[in-house]
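> I would like to see how this sequence folds:
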Amino acid sequence: MDIASNVPEISALELAVQLDAGEALQVIDVRPPGVVAAGRIDLVPPPRFRNIACSDLIACPTLARTGIDPAIPATVVCSRGHDSRIAAVHLNRLGCRANSLRGGMAAWMMVVLGRDVATPPSLDRFIQFDRLGKGALGYLLASDGEAVFVDPPRDGTAYLRAAAQARARIVGVADTHVHADYISGGPILARTLQVPYYLHPRDALYPYDGTVGRVDFRAIEDGDTVRFGRCALRVLHTPGHTEGSVSYVLDDVAALTGDFIFVDSVGRPDLAGKTTEWTADLWESLELVKRTWRSSLTIYPAHYASARERRPDGRVAASYGALLDANHALTFTDPAAFAQWVASQTTACPDAYRRIKAVNVGLLDVDEDAAEELEVGRNQCGLAAAGKR
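I've put the predicted structure just below:
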């Protein structure tokens, strides 16, 4: 009989909801330290997060040797939920209240939490979706029974469920840019729902060699508007992270900035080997918004590097004025100094990013297993995030 057959389990969504609600839980990650460094469950503060290899944990004869608090429930995590079951059995024998994360980090990498954010005048519902394992953010904007998705992941289940709950019909799907760290759900959602997929044409090609992509899209250009309900999303071309990067400005009170501006950083311009040219583009885009955006404008990015970028309510957002003071990338006044800083922050691009870009422009098909492997680990899309690694 399998000794782990009766171990208590918890789903990734259940764990996410509990942690998001601030419940006191411990997470015991039994994966190798090098793997954990690439991405872990960071909703848990360090005192309640422990990385102990499964073999070392099982060898501990007492709970005291592990440092685990017997008074606090613990969830054991591995890659796919196998080793964690064995480790959870051992911890329970030692007097710990432990369960196993069903599906492991593979399941955690897919879980999405939706959080309502402040609703601008032209919207009835504005939801930020947090893909916790990737540090990736997407959005649902609903107005007068119509809705648009922005930057959805390949599994759009949470988005579709939220739209149904909001009684809103999806009339469009948009990407702020062609993503490098995850496979977009934009094209397939648009095909399935038979609605437009909005993308800037300069991103509709493979940036490494210029090959034209094979993805159906409705071209958007600087100054265009995406209309639904009583809302008109204004398109602002903000290249630098990619050539076709755009920000969507809503009622002049909010901006979905994609990988252009984050809370702690800006999008790295080195992902396609055109660092000099794209750094200059990024500088010009930053100068443009410094001239035109109000300090009260709320920034909603497509990524975050760590939990410290979340507000106390869990949302990832900040006023543009606050970022002008706190985001180091926005403090430069000289383009040469900015370029030097960019060069100092640049690290090697993850190998998977080339393949993910190819998938997202329709030049490569992958199955679910391959997609899961490509998306392993947190995003490395921000300059400051890359520089701190």
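> ok now do the residue most central in space within the chain, which residues does it touch?
Per CA atoms, centre = their mean, the C-alpha nearest to the average position across the chain is that of residue 136, at 0.6 Å. Contact analysis of residue 136 by CB atoms under 8 Å, 6 or more residues apart in numbering lists 130, 151, 153, 181, 182, 302, 303, 379. From N, CA and C alone the C-beta is placed, and that goes for glycine too.
> ok, now residue 236?
222, 223, 246, 247, 248, 249, 255, 288, 289.
> The second one: neighbouring residues, count only.
Think residue 223. Using other CB atoms under 10 Å, residue 223 has 9 other residues around it.
> got it, and the fourth one?
Each residue near residue 247 was counted by other CB under 10 Å, and the total is 24.
> Partner strands of the helix or strand harbouring it, with direction?
When secondary structure is defined using DSSP states H and E, the element that contains residue 247 is strand 246-250. Looking at strand 246-250 with DSSP bridges, its partner strands are strand 231-237 (antiparallel), strand 254-258 (antiparallel).
> want to throw the ones you listed into TSV with mean pLDDT and distance to residue 40?
Below are the strands paired with strand 246-250 laid out as TSV (pLDDT from 0 to 100; distance: least, CB to CB, whole Å):
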stretch	mean pLDDT	distance to residue 40
strand 231-237	98	35
strand 254-258	98	25
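> any idea which of those strands is most buried?
strand 254-258 (a mean of 26; mean count of other CB atoms under 10 Å).
> Looking at the record's assignment, how would you partition the chain?
Using automatic domain parsing, the domains assigned to the chain come out as 9-108, 113-387.
> show me where the stretch 201-350 of the chain has helices.
Along the stretch 201-350 of the chain, the stretches classed as helices by DSSP state H, counting those that start in this stretch are 275-292, 320-326, 335-345.
> which one of those helices is the most hemmed in?
helix 275-292 (a mean of 17).
> Against which helices or strands is that one packed?
When contacts are defined as 3 or more CB pairs under 8 Å, 6 or more residues apart in numbering; DSSP states H and E, helix 275-292 sits against strand 231-237, helix 335-345.
> Dump these into JSON lines; add distance to residue 11 as well.
Shown next, in JSON lines, are these (distance: least, CB to CB, whole Å):
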{"stretch": "strand 231-237", "distance to residue 11": "34"}
{"stretch": "helix 335-345", "distance to residue 11": "37"}
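> closest to residue 70 out of those?
With respect to residue 70, and counting by CB to CB, the nearest of the helices and strands packed on helix 275-292 is helix 335-345 at 43.0 Å.
> who does whichever helix or strand comes after the closest one touch, helix- and strand-wise?
With elements assigned by DSSP H and E, the helix or strand that comes after helix 335-345 is helix 352-360. The elements that helix 352-360 packs onto, with contact taken as 3+ CB pairs under 8 Å, 6+ apart, are helix 368-374.
> List the contacts of the helix it packs on.
Outside helix 368-374, the residues that touch it by CB under 8 Å, 6+ apart are 106, 109, 154, 183, 352, 355, 356, 359, 366.
> one step back: would you turn the helices of the stretch 201-350 of the chain into TSV with distance to residue 10?
TSV is the format used below for the helices of the stretch 201-350 of the chain (distance: least, CB to CB, whole Å):
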stretch	distance to residue 10
helix 275-292	42
helix 320-326	36
helix 335-345	38
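> least trustworthy position among the contacts of residue 136, going by pLDDT?
By pLDDT, residue 379 ranks lowest within the contacts of residue 136, coming in at 92.
> Which residues are in contact with that one?
Residues near residue 379 by CB under 8 Å, 6+ apart: 134, 135, 136, 181, 182, 303, 305, 385.
> surely the fifth one meets residue 155?
No. With contact defined as CB atoms under 8 Å, residue 182 and residue 155 do not form a contacting pair (10.2 Å).
> okay, those two: which has more neighbours?
Neighbours were tallied for residue 182 and for residue 155 using other CB under 10 Å; the higher tally belongs to residue 182 (27 against 16).
> where does that one land in three-state SS?
When classified by DSSP: H, G, I helix; E, B strand; the rest coil, residue 182 comes out as coil.
> What is the neighbour count of the nearest residue to it once chain neighbours are set aside?
In space, residue 182 comes closest to residue 375 once its chain neighbours are excluded; the distance is 5.1 Å by CB to CB, 6 or more residues apart in numbering. The number of residues packed near residue 375 is 22, by other CB under 10 Å.
> okay, residue 375: pLDDT?
Per-residue pLDDT puts residue 375 at 93.
> Please report the distance of it from residue 355.
With the distance defined as CB to CB, to the nearest Å, residue 375 ends up 10 Å from residue 355.
> Could you do residue 153 as well?
Taking CB to CB as the measure, residue 153 and residue 355 are separated by 16 Å.
> Between those two, tell me which one has more neighbours.
residue 153 (24 against 19).
> What is the burial count for the closest residue to that one other than its chain neighbours?
Residue nearest to residue 153 in three dimensions, not counting chain neighbours: residue 185, with 5.2 Å by CB to CB, 6+ apart. Using other CB under 10 Å, the number of residues around residue 185 comes to 22.
> Now do the phi/psi pair for residue 185.
When quoted as degrees, to the nearest 10, the phi and psi of residue 185 stand at phi -90, psi 0.
> Residue 174 contacts residue 187, correct?
No. Taking contacts as CB under 8 Å, residue 174 lies outside contact range of residue 187: 11.2 Å.
> okay, and the common contacts of the two?
residue 197.
> which pair in the contacts of residue 136 spans the largest distance?
Looking at the contacts of residue 136 by CB to CB, the two members farthest from one another are 130 and 181, with 14.8 Å of separation.
> list the contacts for residue 355?
The contact partners of residue 355, taken as CB under 8 Å, 6+ apart, are 364, 366, 374.
> Give me the helix or strand of the chain that scores worst on average pLDDT.
Sorting the helices and strands of the chain by mean pLDDT, DSSP states H and E puts helix 383-387 at the bottom, at a mean of 57.
> So residue 28 lies in a strand, does it not?
Yes. Residue 28 forms part of a strand when assessed by three-state DSSP.
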